[in-house]
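Trainee: My questions concern the predicted model and sequence given below.
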Amino acid sequence: MHLESQAGTPRIFAPILALTLYAIAAGYLMSLLPLSLAQFAFDDALASWLASSFYIGLLAGTLGIEPVLKRLGFRPTYLICLALFTLTAVALPLYPQAWFWLALRLLAGFAVAGIFVVVESWLMAGEPSTRAKRLSLYMVALYGGTAFGQLGINLFGTSGLAPFISITLVMVAAFLVMVLLPNHAPNHHHSARLELKQILKLNHSALFGCLISGLALSAIYGLMPLALAARGITEQDIGSLMALVILGGMAVQPLITQFNKYMTRSMLMVAFTLLGVLALALSLTSDSLKVLALAVLLLGAATFALYPIAIDLGCQQLEERYMISAAQVMLLSYSVGSVLGPLFAEPFMAHQHGLFTYLFITLAFSAIYILLASLRSEKAISSE
């Protein structure tokens, strides 16, 4: 697939490259924050609140970004959101107070919502037949960058100002990509908002898939480093295992389009949730580092596959003018799950394998729900 499309259609090289650089910085920051709490004299319990604060900001941004995008357009909105995220990262070590960090992560979540809605809407514009490939490319860039960012723990550590300086420099590079490289964005003036009755008619399994993706991924992002540390894993191995989680998610993306040929998107979500259940069962039955590495790789493949499949399912048969609004609704569902994920997982964290137990229960329930919803939908269609 060509990154530079024909004239008159969106070019996606610049936004994808900028997204990759953002993901590198955000991926490093994701693991840095819970591991640097002791350095700034914070209690470990703050990790859950920081994660939830970020996802509350993501939720607020999802609700509030559409008017900005429709007024300013794709590129200016993207630049503003990249700049805002950069400023929140710069400010973190300057004033280590819990309330200030919570406020910064709230603003960071708002900025990230803008980044996601802009890029997802940008990529969903164009030929529907290639939408799944474009979304897979988006997820590869996002997960690949995030996985690479985990290596920052080994390169720059988790103490001092060096981690925050390196994150800032990568974000500046992302900003310059959008300023300097040519890009042709979709026409934002022709977009239309989905009405409530249209939203209610969106595929319920798609909305639930986004919700569950948020419940699982926010807990993985915010609490997995602490859960691994509780199992006696060294700091360097934690960075490597977090990279494996995201590499699993990145590696499975090109396969999603191929799997779509053999099963419906709903059944594909069932298959991946069951893969996640298998991976978590594996992690709970052995303390071997090699077994754990395989388990987190499979867990990444399972959980990171849900969101793009759900988006593709939810946008089936929608007109292009509704894509910004559809991306907003899907991200809203994801954001609700993301806000609740760390809060739901926190009571499990008192136990050594608590996070893995929480994820096991979440994915097992999801597989059952999506399977029943899919069978009920097929039965309704066949009876018409």
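Mentor: Structure received.

Trainee: ok, now which ones touch residue 224?
Mentor: Contacts for residue 224 (Cβ atoms under 8 Å, 6 or more residues apart in numbering) come out as 242, 245, 355. Every C-beta, even on glycine, is put in place using the N, C-alpha and C of the backbone.

Trainee: Going through those residues, which ones are buried?
Mentor: Among the contacts of residue 224, the ones that count as buried by 16 or more other Cβ atoms under 10 Å are 242, 245, 355.

Trainee: What residues does the first one make contact with?
Mentor: It refers to residue 242. Residue 242 touches 31, 150, 224, 225, 228, counting by Cβ under 8 Å, 6+ apart.

Trainee: Extract the C-alpha set from stretch 105-114 and format it as CSV.
Mentor: Written as CSV, here are the backbone C-alpha positions of stretch 105-114 (Å, rounded to 0.1, in the frame of the first residue of the first chain):
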residue,chain,number,x,y,z
ARG,A,105,-1.8,13.8,33.0
LEU,A,106,-5.4,15.1,32.6
LEU,A,107,-4.2,17.6,30.0
ALA,A,108,-2.0,14.9,28.4
GLY,A,109,-5.0,12.7,28.0
PHE,A,110,-7.0,15.5,26.4
ALA,A,111,-4.1,16.1,23.9
VAL,A,112,-3.8,12.3,23.1
ALA,A,113,-7.6,12.2,22.4
GLY,A,114,-7.0,14.8,19.8
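
Trainee: mind checking how far that stretch is from the chain centre?
Mentor: 13 Å (Cα atoms, centre = their mean, to the nearest Å).

Trainee: So which residue is dead centre in this protein?
Mentor: The centroid of the chain falls nearest to residue 217 when counting by Cα atoms, centre = their mean (6.8 Å).

Trainee: For it, pull up the helix or strand it's in.
Mentor: helix 204-230 (DSSP states H and E).

Trainee: re earlier: quick check, nearest of the contacts of residue 242 to residue 280?
Mentor: The shortest gap between residue 280 and any of the contacts of residue 242 belongs to residue 224, at 12.2 Å (Cβ to Cβ).

Trainee: Just the pLDDT at the closest one, thanks.
Mentor: Note for residue 224: predicted pLDDT of 87.

Trainee: Next one: it relative to residue 342, how far apart?
Mentor: To residue 342, residue 224 is 11 Å away according to Cβ to Cβ, to the nearest Å.

Trainee: go on, residue 92?
Mentor: From residue 92 to residue 342 the distance is 18 Å (Cβ to Cβ).

Trainee: before we move on, back to that, wait, isn't the residue nearest to the centre of the chain in contact with residue 303?
Mentor: Yes - the pair residue 217 and residue 303 passes the contact test of Cβ atoms under 8 Å, sitting 5.9 Å apart.
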